[in-house]
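> only geometry, no sequence info:
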């Protein structure tokens, strides 16, 4: 069952959105990303697809900068090295959608800062290195900084936190440092 879920998520993220079958390229992702990170004795690898909000979604335009944003749909694989405080490992699949606000230049190149809070579904309850999440539904929030080069290559770093927002205890939260690369296709 997990393999079917992973395959479905990867198909969605590599550009087979349902709208593309109708010939409407406006629903195709604007860019794709790959991320790796670590924290709390857990490593993650993530792939994502992004959809920009467009020219009409610009706030606080001033001095050649503005706040814009994008939707980020992602699939991540988590590998915990200390499952239930033992030497066993835990493997979790994470499916998420996050609206991301980005402070950037109007040219969409150069340095940027971003932040987002999204919804994530984990296919197992996280219990690793003394930290536990008691629900499969989690909020994933992040702050990040990066640079978009003239060729549109986007390199960034994020600090990410997962928590269920106090819906159910225990809710220790999980923190990651993440390296990200994205590119429009």
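Thanks, I have the structure now. All values derive from a computational prediction rather than experimental measurement.

> what sits against residue 100?
Contact analysis of residue 100 by C-beta atoms under 8 Å, 6 or more residues apart in numbering lists 50, 69-72, 114-116. Just so you know, the C-beta spots here come from the backbone N, C-alpha and C atoms, and that holds for glycine as well.

> what's the nearest residue to it if we skip its chain neighbours?
In this structure, residue 100 finds its nearest non-sequential neighbour in residue 116, 3.7 Å apart by C-beta to C-beta, 6 or more residues apart in numbering.

> and for residue 65?
Nearest to residue 65 is residue 105, by C-beta to C-beta, 6+ apart, at 5.5 Å.

> quick one: furthest residue from the center of the chain?
Here the chain reaches farthest from its C-alpha mean at residue 63, the gap being 29.3 Å by C-alpha atoms, centre = their mean.

> quick one: low-confidence ranges for this protein?
Along the chain, segments meeting pLDDT under 70 span 1-26.

> closest to the centroid, which residue in it?
The chain has residue 74 as the residue nearest its centroid, 5.3 Å off, counting by C-alpha atoms, centre = their mean.

> is it true that it touches residue 48?
Yes: counting by C-beta atoms under 8 Å, residue 74 does reach residue 48; the two are 3.8 Å apart.
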